Every structure is written in structure tokens, then in C-alpha cells.
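# Please find the sequence and the predicted model below.
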Amino acid sequence: MAASLAVPRIFFDTDVFIDAAHGALGIGPRPISPKDWNRVVSHVNRNYIHAISPYTVIELLIGVANGAPQYFSRNKIPLTKMRCSFTAHVHLRYTKQFTLREVFGHEAPYPSDLEDNFDRVIDTVLDAATMEQLDQYFLSISEDRAFQIECYRKQAERIRRHALSRPRDNWLSEVVRALQVEDALENRFLLDGRLDACFFWDELCYAKARDKLCGLDRITKMQYDLSHLNYLAAEDVCFVTRDSALVQAVKPSTQSSRVLLWESFLQKCKS
């Protein structure tokens, strides 16, 4: 099993950086004030190392790509908040690579992706003067994101169409297959504990997929949240979110103390 870092890692949901940018601009429905943002940054710099999720990077890049050209500079502010606020940071790998390394100490049997060059990617976007300089680059990212969303949609539609049920043991079988590890009892037991929060959120995703009143866009967004919860497989990692429904859903999990609502984390930073 891979060793944890001496300093715990903490990462933030996409909306945290968006709301921090809104606070700096004085806009948005629930902005994070510069004072509160600076307080949290100081606390993180003293007690954690800031970890950057590739899913957050992609979501923020898509936000820039989908924005109007006249707001290009403004739409880059969430990226700046993520990239430049903290004194140090590390990048998290995509979840399959991350789980294999952190839980089993194995390198993934498939190549890494943009996560090896995310600093360069982000800096390229931040340094660009106009969107036109990034048109071809954004096209590739948007196509990859569209493909992933379509996969999520098809999965939700399949569940909805067949009204399937899924016990926890079946869920573990899916995880084992996805990771391409041996389907052995010890591997199942290890994953069962290290992905406990994932199970509770995935159960809600599954229930929503079976609910014909729930829009498929909502289910797709929930799948990105599920990707974030995978990082709790490393016992030194904490996650801060503004999604109270997610925090509530994973409360039964043994990992719930590491899924922190922004408002609660802010109070901790003030103490």
C-alpha cells in the first residue's frame, strides 16, 4: 500500500473556486468574500498541502471555453484562484490511477493523461490574451468532456430502462472490474473500506438514475462528485465542498469526517 504524505492533502470542489472568484468580483448568488478566502488559504498553508483534482481543472477549463469572448479575462479568475492562491500544491491523478497507486501501490496499466502537465495547461490558458489563441486547444477538451457526459447519460438511461437493483457486493464487483485488479476477497475488503463514501453517494446516483423525474443532467453532475469522493481512498486526503446534499448523503460513511462543508471548514479556519 502506498504511503501517505507527511502533510495531509486537501482539495476543493469546483464551486468553491467559482464562488471565491465571484467574491472578488462582487457578483454571484453565494460569493465567498476575499476576507474569508484569505482566511481559508492561510489555514490551508499552515496545516495542509493543497491538492488539485483533474476533474476540477477540466470543469474550470470548460467554464472558460464556454464563456463569451468578452468575459474571457473574468472567466479565468476561478482558475487563478485554484492555481495561484496557495504556497504549494500537488496534482491528483485521475481516479483509476490514483486508487491503484494509493490503495494497492500499483501503477496503472494504462497511460496517464493531462494530469502530468496540468500546471503547463493551466498556465497556457492564464497567459493567453484572447480565446482565439486557445480555440483548437479548447476544442479537444470540450470533445473529451462531451464524450464523458455521453457515457454517463447512456449509463443512466440503461439503469432507468431496466430498473435494475444493485447490492453492495455487486457494486464492489463493478469497482474491481473497473480497476482491473484480481477479484480476490482481500481486494474486495480493502476497497470496501477505502471507498466507503463512494458507495453511499453512488447509491444515491443509482436511485436518481432510476427516478424518471430526475433529469439526466443532474445525474451527470453527481457522477463528477463521485469521482471526487474516490480520492478519500487515501487516508490523508480531505475534501471541501459547497454541496450540502453530498455531505448529508455520505454521513453514514466511515469517511464522512473528511468530507467538509465549506461553511463548517470556514468556521474551523476562524477558530
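Sure, I can see it.
# what helix or strand does residue 59 sit in?
Taking DSSP states H and E as the definition, residue 59 sits inside helix 54-65.
# next helix or strand past that helix?
Heading C-terminal from helix 54-65 (DSSP H and E), you reach helix 72-75.
# Next, the buried residues of that next one.
72, 75 (16 or more other CB atoms under 10 Å). Using the backbone N, CA and C atoms, a C-beta is placed for each residue, glycine as well.
# Give me the contacts around that helix.
25, 63-64, 67, 130-131 (CB atoms under 8 Å, 6 or more residues apart in numbering).
# all helices for the chain, in order.
14-25, 34-47, 54-65, 72-75, 77-84, 95-99, 118-127, 135-162, 168-179, 185-194, 196-210, 216-229, 244-249, 262-270 (DSSP state H).
# rank the ones you listed by mean pLDDT and give me the bottom one.
Confidence, taken as mean pLDDT, is least for helix 135-162 of the helices of the chain (a mean of 74).
# Show me what that one is packed against.
helix 54-65, helix 196-210, helix 216-229 (3 or more CB pairs under 8 Å, 6 or more residues apart in numbering; DSSP states H and E).
# for the first one, the distance to its chain's centre please.
For helix 54-65, the distance between its averaged C-alpha position and the chain's averaged C-alpha position is 11 Å (CA atoms, centre = their mean, to the nearest Å).
# So what touches that helix?
Outside helix 54-65, the residues that touch it by CB under 8 Å, 6+ apart are 11-14, 17-18, 72, 75-76, 78-79, 82, 91-94, 113-115, 118, 121-122, 125, 131, 134, 138, 141-142, 144-145, 224, 227-228.
# 6 Å instead?
Helix 54-65 is touched from outside by 14, 75-76, 78-79, 94, 115, 118, 138, 141-142, 145, 224, 227, with contacts defined as CB atoms under 6 Å, 6 or more residues apart in numbering.
# Over to the second one?
For helix 196-210, contacts defined as CB under 6 Å, 6+ apart pick out 156, 159-160, 163, 214, 219, 222, 226, 229-230, 232, 249-250, 252-255.
# State the pair within the contacts of helix 54-65 that is farthest apart.
75 and 94 (24.3 Å; CB to CB).
# rewinding a little: could you give the angle of the helix holding residue 59 to helix 216-229?
140 degrees (axes from the mean of the first three to the mean of the last three CA atoms, to 10 degrees).
# Now helix 54-65: buried residues?
For helix 54-65, by 16+ other CB under 10 Å, it's 54-65.
# Over to stretch 24-35?
24, 31-32.
# Ok, stretch 190-209 next?
Of the residues in stretch 190-209, those buried (16+ other CB under 10 Å) are 190-191, 194-202, 204-206, 208-209.
# Neighbours of the residue nearest to residue 45 when sequence neighbours are not counted, how many?
Leaving out its chain neighbours, the residue that sits closest to residue 45 by CB to CB, 6 or more residues apart in numbering is residue 87, at 4.9 Å. Counted with other CB atoms under 10 Å, residues neighbouring residue 87 total 11.
# and the nearest residue to residue 9 once chain neighbours are set aside, what is it in contact with?
Of all residues not flanking residue 9 in the chain, residue 51 sits nearest, at 4.1 Å (CB to CB, 6+ apart). Listed by CB under 6 Å, 6+ apart, the contact set of residue 51 reads 9, 11, 90, 92.
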